[in-house]
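Visitor: Sequence first, then the predicted structure, then my questions.
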Amino acid sequence: QGRLVESGGGLVQPGGSLTLSCAASGRSFSDLVIGWFRQAPGKNRDFVAAIGWGGTPAYAPSVKGRFIISRNNANSTVTLQMKSLQPEDTAVYYCAVDRTISRSSFERDYTDWGQGTPVTVSS
């Protein structure tokens, strides 16, 4: 079982940008399909994006066109670039490993969750 660690969260103004990173250790990173989820206060954890072995992405409709997911297998990291952030993007962002290796959008298909990194979009 591996370990994922998120970083890069913080406070940003509406319309601003932020880049999150997910660093993996303890397993072969290039074999992993990694997903990002977010959980706003009082709400369920929702799918944001996922990336396959070769870099093929999948996005939730709410972030498509604003967020970009990418991976660097040499550094064992997955990056989530977030642009045009809005208050509704405020949440704790988590990365996890997709057991189905299909870029699933279902939380139940993921394992090895990181501890999360908080993002607050506010003026």
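Guide: Looks like it came in fine. Residues are numbered from 1 along each chain as shown.

Visitor: where's the residue sitting nearest the centre point of the chain, which helix or strand?
Guide: Nearest to the mean C-alpha position of the chain, counting by C-alpha atoms, centre = their mean, stands Trp36 at 2.4 Å. For Trp36, the element it lies in under DSSP states H and E is strand 34-39.

Visitor: And the contacts of that strand?
Guide: Residues from elsewhere that reach strand 34-39 (C-beta atoms under 8 Å, 6 or more residues apart in numbering): 4, 20, 22, 24, 45-51, 69, 71, 78, 80, 89, 91-98, 103-105, 107, 110, 116, 119. Using the backbone N, CA and C atoms, a C-beta is placed for each residue, glycine as well.

Visitor: Please check those and keep the buried ones.
Guide: Neighbour counting by 16 or more other C-beta atoms under 10 Å classes 4, 20, 22, 24, 45, 47-51, 69, 71, 78, 80, 89, 91-98, 103-105, 107, 110, 116, 119 among those as buried.

Visitor: So which of the contacts of strand 34-39 sit within strands?
Guide: 4, 20, 22, 24, 45-51, 69, 71, 78, 80, 91-98, 110, 119 (DSSP state E).

Visitor: Where does pLDDT dip in the chain?
Guide: Applying pLDDT under 70 to the chain picks out residues 1-2.

Visitor: now that we're looking at the residue nearest to the centre of the chain, how far away is Thr117 from it?
Guide: Taking C-beta to C-beta, to the nearest Å as the measure, Trp36 falls 10 Å from Thr117.

Visitor: Repeat that for Thr79.
Guide: As for Thr79, its distance to Thr117 is 12 Å (criterion: C-beta to C-beta).

Visitor: ok, now Lys43?
Guide: 17 Å.

Visitor: In terms of packing, which of the two has more residues around it?
Guide: Between Lys43 and Thr117, counted using other C-beta atoms under 10 Å, Thr117 has the larger neighbour count: 22 against 9.
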